[in-house]
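Asks: Structure of the sequence below:
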Amino acid sequence: MLRQMFQEGLLRTATIIPAPMERDRWMLVFQKANGNQERITKARTENDKVYKRLNGALSDAQDIGFRSVTVEFNES
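Replies: Numbers count the residues shown, from 1 in each chain. Have a look, this model is predicted:
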């Protein structure tokens, strides 16, 4: 579904953000053309996918079609 949304131009940017309440965990969030956000979820669930490593989130973003991704870090 996300790959199709990307191909149709509905997903504008991909951002990897720190997962709330989880140390050293990440989430992948997309900015949609209409200004809303879309999050990647675990397969066949509504639960947000949480990554243990940045590389996993980067790989998923690339598989969807993104050529660049922004990474945000928590403030120190």
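
Asks: biggest helix in the protein by residues?
Replies: Identified as the longest helix of the chain according to DSSP state H is helix 54-64.

Asks: need the next SSE after that one, C-terminal direction.
Replies: Downstream of helix 54-64, the next assigned helix or strand under DSSP states H and E is strand 70-71.

Asks: partner strands of that next one, parallel or antiparallel?
Replies: Next to strand 70-71 in the sheet, as set by DSSP bridges, lie strand 11-18 (parallel).

Asks: Looking only at the following helix or strand past the strand it pairs with, what residues are buried by neighbour count?
Replies: On the C-terminal side of strand 11-18, the nearest following helix or strand under DSSP H and E is strand 26-32. Judged by neighbour count (16 or more other C-beta atoms under 10 Å), strand 26-32 contains these buried residues: 26, 27, 28, 29, 30. Where C-beta positions appear, they are placed from N, C-alpha and C, glycine not excepted.
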